[in-house]
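In: what follows is a predicted structure for the sequence shown.
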Amino acid sequence: MAVDLSQVAHVETEPGELPATMAAWVIRQDREGEPIDAFQVEEIEVPEPAAFEVIVRVMAAGVNFNNVWAARGVPVSVFRSHPEVDHHIGGSDGSGIVWKVGAGVTRWKPGDEVVIHCNQASYEDPEVHGFDPLAAPSQKIWGYETSWGSFAQFTKVQAQQLLPKPHNLTWEESAAYGLTYFTAYRMLIDQCELQAGHRVLIWGAAGGLGVFATQLCKIAGARSVGVVNSDEKGELVARLGAEGFINRNEFAGMMRTGGETPEEEKARFGESRRFGKAVKEILGASPDIVFEHVGQATFPTSVFVVKPFGKVVICAGTTGYNLDFDVRYLWMRQKQIIGSHFANAWECNKANELIENGLIRPVLWRTMPFDGVGEAHQLMRENKHLGKIAILVGAEREGLGKTAEGPGAIYAEVGV
Ligand SMILES: NC(=O)c1ccc[n+]([C@@H]2O[C@H](COP(=O)([O-])OP(=O)(O)OC[C@H]3O[C@@H](n4cnc5c(N)ncnc54)[C@H](OP(=O)(O)O)[C@@H]3O)[C@@H](O)[C@H]2O)c1
């Protein structure tokens, strides 16, 4: 049946009762490929909540790089993570209204306004109780390793994923920070024990992770330098509190492409050294922390430029995940490499308080209508965006949902 997208902001039931079907953006295994084609709108049955689950009516959704990977089916098909359903409804960020709760849910009730964090784990895994849910064998990222994500009128989540929606934000602003902000929070605050006075190098500082890493450094009293691919993006990073920025186009030769000859590697290393000097000029010394997610292209430079006993914290390998670097710079100078993945519910709640207090702000580049899901992911795939992109679902227009005064989002209006 054709889905009437003009009706997406309307639902026929009241909180507590679910309609039979909903509009959803769906990836199917046989159409994995470029995001613009892989995502298609379909009419899907609305799931019932099981015990400790909640069905949320999505008011706005946030776009993340994980569903660029999901659309393309690389590095692995998401259908391997959720073989029990043949559709993938992506979307790992969302704001909305609790519509129906499953057995055992007592903290939330129909009508509550929420944002959703994207970590799921089974309550039966012992790691969840006293260690860290990220260590649980059942751990999955909702809307990436599960279906039933936020690019639909309704989403199915575990009750522990819900956070109070900040009153000072609109629906679209509330949908545009969770995944990348909470990831950056764990990387810097918990994994690296960020302190006032620390110096931090942030790759992709105008991207989804980088805009929050930069703000966290600012409020912690740390000094950051952001790497970007244009001066316009650099202006945004400076607005967010960085000490300065480096346009990576001026150091294109430092990027590891793989398979360099010894001569090429020598030239590449020379460029990394020149880059390290530029970082020192801005920060006054080498960084204590390098915030990594680019991976193959930048990792040898990250390990080289971080100061002795410093930390390279990494959560992704966008340019490639087989990392190749000169390990002498690691052991001789006693540096650490720390892997990090999303955040636990406690970290999400602590980080959310900083948003509620206006100390950290979402950075929105564009808010797009529901029919923009494929296009938004294609823009992200082509690195044409800054900060975050939000999608309106239940919200009829931008600017709705804010119930208290507050600074709201920073709007990244500079061009690309
Ligand atoms: N493990 C986790 O929990 C987790 C959480 C969030 C994200 N991630 C992953 O982290 C990665 C980044 O996510 P994001 O949301 O920040 O994406 P994003 O919004 O696309 O930002 C990434 C930034 O990286 C920079 N970049 C891209 N290609 C580069 C290259 N070849 N060399 C240097 N810099 C490059 C770009 O900045 P410039 O072009 O301006 O330099 C871009 O703004 C993705 O792979 C995502 O899946 C992992």
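Out: Ah, there it is.

In: what mean pLDDT does stretch 157-169 have?
Out: Across stretch 157-169, pLDDT averages out at 98.

In: would you mark the buried spots in that stretch?
Out: Using 16 or more other CB atoms under 10 Å as the test for burial, stretch 157-169 gives 157, 158, 159, 160, 161, 162, 163, 165, 166, 168, 169. (C-beta placed from N, C-alpha, C; glycine too.)

In: ends of that stretch, what's the gap?
Out: For stretch 157-169, the first and last residues are 22 Å from each other (CA to CA, to the nearest Å).

In: now check stretch 315-326, is it near the ligand?
Out: Yes: contact of stretch 315-326 with the ligand (CB under 6 Å from any ligand atom) involves 315, 316, 318, 319.

In: which non-adjacent residue is nearest the second one?
Out: The reference is to residue 316. residue 293 (3.9 Å; CB to CB, 6 or more residues apart in numbering).

In: mind listing what residue 247 touches?
Out: Counting by CB atoms under 8 Å, 6 or more residues apart in numbering, residue 247 makes contact with 228, 229, 230, 231, 234.

In: please convert the residues you listed to a markdown table, extending it with pLDDT and neighbour count.
Out: Output for these, formatted as a markdown table (pLDDT from 0 to 100; neighbours: other CB atoms under 10 Å):
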| residue | pLDDT | neighbour count |
| --- | --- | --- |
| 228 | 98 | 25 |
| 229 | 97 | 16 |
| 230 | 96 | 17 |
| 231 | 95 | 11 |
| 234 | 97 | 21 |
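
In: reformat the residues you listed into TSV and put distance to the ligand and secondary structure next to each item.
Out: Formatted as TSV, these follow (distance: CB to the nearest ligand atom, whole Å; DSSP: H, G, I helix; E, B strand; the rest coil):
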residue	distance to the ligand	secondary structure
228	4	strand
229	3	coil
230	7	coil
231	11	helix
234	9	helix
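
In: let's have the residues you listed in TSV, adding distance to residue 328.
Out: Below are the contacts of residue 247 laid out as TSV (distance: CB to CB, whole Å):
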residue	distance to residue 328
228	30
229	30
230	34
231	35
234	32
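
In: which pLDDT value goes with the residue most central in space within the chain?
Out: For the chain, the residue nearest the mean C-alpha position is residue 180 (2.7 Å; CA atoms, centre = their mean). pLDDT, residue 180: 98.

In: and if you look at residue 416?
Out: Looking at residue 416, its pLDDT reads 38.

In: stretch 165-183 near the ligand anywhere?
Out: Yes: between stretch 165-183 and the ligand, judged by CB under 6 Å from any ligand atom, the touching residues are 179, 180, 183.

In: so of these, which ones are in strands?
Out: Among these, none falls in strands (DSSP state E).

In: show me which of those is closest to the ligand.
Out: residue 183 (3.8 Å; CB to the nearest ligand atom).

In: who's in contact with that closest one?
Out: Residues near residue 183 by CB under 8 Å, 6+ apart: 209, 315, 340, 341, 342, 343.

In: list only buried entries from these.
Out: Listed as buried from the contacts of residue 183 are 209, 315, 340, 342, 343; burial here means 16+ other CB under 10 Å.

In: ok, the spatially closest residue to residue 132 that is not a sequence neighbour - how many residues close by?
Out: Once flanking residues are discounted, residue 132 sits nearest to residue 344: 5.5 Å by CB to CB, 6+ apart. Residues near residue 344, counting by other CB atoms under 10 Å, number 22.

In: now residue 215
Out: Residues lying near residue 215 (other CB under 10 Å) number 23.

In: and the residue nearest to residue 316, how far is that from the ligand?
Out: Distance from residue 293 to the ligand, counting by CB to the nearest ligand atom, to the nearest Å: 4 Å.

In: so what's that residue up against?
Out: Residues near residue 293 by CB under 8 Å, 6+ apart: 203, 204, 209, 314, 315, 316, 317, 318.

In: what does the model give the single nearest residue of the chain relative to the ligand for pLDDT?
Out: Taking CB to the nearest ligand atom as the measure, the chain has residue 207 as its residue closest to the ligand, at 2.0 Å. pLDDT for residue 207: 97.

In: name the helix or strand for residue 98, please.
Out: Following DSSP states H and E, one finds residue 98 within strand 93-101.

In: show me what that strand is packed against.
Out: The helices and strands touching strand 93-101, judged by 3 or more CB pairs under 8 Å, 6 or more residues apart in numbering; DSSP states H and E, are strand 53-62, strand 113-116, strand 154-158, helix 171-174.

In: of the ones you listed, flag the one that's most buried.
Out: With neighbours defined as mean count of other CB atoms under 10 Å, the helices and strands packed on strand 93-101 peak in mean count at helix 171-174, which reaches a mean of 32.

In: weed out the non-buried ones from the residues of stretch 315-326 next to the ligand.
Out: Neighbour counting over these (16+ other CB under 10 Å) leaves 315, 316, 318, 319 as the buried ones.

In: where helices are concerned, which of those count?
Out: Using DSSP state H to define helices, no part of those is located there.

In: between the residues you listed, which is nearest residue 356?
Out: Nearest to residue 356 out of those is residue 315 (CB to CB; 24.3 Å).

In: hmm, back to that, let's have the contacts of residue 183 in JSON lines, adding secondary structure and distance to residue 85.
Out: As requested, those are arranged in JSON lines below (DSSP: H, G, I helix; E, B strand; the rest coil; distance: CB to CB, whole Å):
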{"residue": "209", "secondary structure": "helix", "distance to residue 85": "29"}
{"residue": "315", "secondary structure": "coil", "distance to residue 85": "27"}
{"residue": "340", "secondary structure": "coil", "distance to residue 85": "29"}
{"residue": "341", "secondary structure": "coil", "distance to residue 85": "23"}
{"residue": "342", "secondary structure": "coil", "distance to residue 85": "22"}
{"residue": "343", "secondary structure": "coil", "distance to residue 85": "26"}
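
In: in a markdown table: those, plus distance to residue 124.
Out: Shown next, in a markdown table, are those (distance: CB to CB, whole Å):
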| residue | distance to residue 124 |
| --- | --- |
| 209 | 31 |
| 315 | 27 |
| 340 | 25 |
| 341 | 21 |
| 342 | 20 |
| 343 | 21 |
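
In: list the buried residues for stretch 19-31?
Out: Result for stretch 19-31 [16+ other CB under 10 Å]: buried residues 22, 23, 24, 25, 26, 27.
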